[in-house]
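K.L.:
Predicted model and sequence follow; I will ask about them next.
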Amino acid sequence: MPIHEIRAFNRFYTNLIGALDYSKHLYTPYTLTESRVLYELAHSPRTDAADLRAELSLDAGYLSRLLAKFERDGLVARAPSEVDSRRQRITLTPRGREAATLLDERSREAVAALLAKVPAGERSRLVEAMGTVREILGSGRAGHREGPVLRDPGPGELGWVVQRHGALYAAEYGWNADFEGLVARIVADFAQDHDPHLERVWIAELDGRPVGSVMCVRDDAPATARLRLLLVEPEARGQGLGDRLVRTVVDFAREVGYRELVLWTNDVLAGARRIYQRAGFTLVAEKPHRSYGVDLVGQDWRLPLPEETDK
């Protein structure tokens, strides 16, 4: 085994990314471990302490002290898990989400600066090599979490949401460019003016590429949120990703104080409608219309969001 080569690579890479002095490297007050915990919480709206411990291979006592520090700093809230009262559910507060967003931005800037030093023709080879390392060393790792990661959109990915909606709906339902224009307006409105505490977009990433999206925005009605732009790429379907994206919106909407979640869809989107039904939405109105070059039946769906203390 080329143990010395692997150790040499580890020393090289940890020095390259500033792992030994991560807070100074990214100009933030958080260590590498603290940053990883915030990242996991930001991309998993409902995470138990046991899940964090297993995913990050952390000592239970160390993680407990770290979460206590985060709680004192107003970054996280802890409560009994709804699934198992013996477990603790950890969620980010608005202040915690701001910290996680800042860390993500700083990390992206650091990686962009690193890639800027790599010749353009070598970047694809670099990414391929890193993917090979992850595939070989990660396939048998205990506690390795399979499936897509849900995260905030990176630069250019709001445009990806528009492009993939236009392409997929044209290919699967024959909708014309009017639909892509609608999606573009929704995305542009969000990009230009949204409250990050009350409105979010999630990108589902699998093997380093986006494979899905969903959005939660404020509706005109008081205390009401609207679910929009649910999309799952064909190769990522059949694994529960659509359900996970919708549950993420439901959890987020409830946690930030919305009392109702609504959505509008069309009758031909049978797969999406089944997802909404499984999440507890009920159909409240239907109306025929002609849009995107085809005849459709628009549907309004609704999900009340009682406070957890109401249960």
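P.N.:
Noted; the coordinates are in hand.
K.L.:
Helices along the stretch 1-150 of the chain, start to end?
P.N.:
Along the stretch 1-150 of the chain, the stretches classed as helices by DSSP state H, counting those that start in this stretch are 3-16, 22-26, 32-43, 49-56, 60-72, 94-116, 120-138.
K.L.:
how about the helix or strand bottoming out on mean pLDDT in the chain: buried residues?
P.N.:
Comparing helices and strands within the chain by mean pLDDT, DSSP states H and E singles out helix 22-26 as the least confident, with a mean of 71. Within helix 22-26, the residues scored as buried using 16 or more other C-beta atoms under 10 Å are 22, 26. Quick note: C-beta positions are derived from backbone N, CA and C, even for glycine.
K.L.:
okay, now the residue nearest to residue 98 when sequence neighbours are not counted: neighbour count?
P.N.:
Spatially, and ignoring its direct neighbours in sequence, residue 98 is nearest to residue 196 (7.7 Å; C-beta to C-beta, 6 or more residues apart in numbering). Counted with other C-beta atoms under 10 Å, the neighbours of residue 196 add up to 11.
K.L.:
Work out for me the element residue 226 sits within.
P.N.:
strand 224-232 (DSSP states H and E).
K.L.:
Let me know the angle separating the helix or strand that comes right after that strand from strand 224-232.
P.N.:
Proceeding N to C from strand 224-232, the next assigned helix or strand is helix 241-255, under DSSP H and E. Between helix 241-255 and strand 224-232, the angle comes out at 160 degrees (axes from the mean of the first three to the mean of the last three C-alpha atoms, to 10 degrees).
K.L.:
Who are the packing partners of helix 241-255?
P.N.:
Helices and strands touching helix 241-255, by 3 or more C-beta pairs under 8 Å, 6 or more residues apart in numbering; DSSP states H and E, are strand 149-151, strand 200-206, strand 209-218, strand 224-232, strand 260-266, helix 270-278.
K.L.:
can we see that at 10 Å?
P.N.:
Under the contact criterion of 3 or more C-beta pairs under 10 Å, 6 or more residues apart in numbering; DSSP states H and E, helix 241-255 touches strand 88-92, strand 149-151, strand 200-206, strand 209-218, strand 224-232, strand 260-266, helix 270-278, strand 294-304.
K.L.:
Which of those sits closest to residue 104?
P.N.:
strand 149-151 (7.9 Å; C-beta to C-beta).
K.L.:
So for the closest one, what gets flagged as buried?
P.N.:
If you call a residue buried by 16+ other C-beta under 10 Å, then strand 149-151 has these buried ones: 150-151.
K.L.:
what lines up beside it in the sheet?
P.N.:
In the sheet, strand 149-151 lines up against strand 200-206 (antiparallel) (DSSP bridges).
K.L.:
hmm, back to that, CA atoms only for the least confident helix or strand of the chain, dumped as PDB, please.
P.N.:
Extracted C-alpha coordinates of helix 22-26, given in PDB (Å, rounded to 0.1, in the frame of the first residue of the first chain):
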ATOM      1  CA  TYR A  22      -9.600  27.400   8.900                       C
ATOM      2  CA  SER A  23     -11.100  30.400  10.600                       C
ATOM      3  CA  LYS A  24      -8.100  32.600   9.500                       C
ATOM      4  CA  HIS A  25      -8.200  31.000   6.000                       C
ATOM      5  CA  LEU A  26     -11.900  32.000   5.500                       C
END
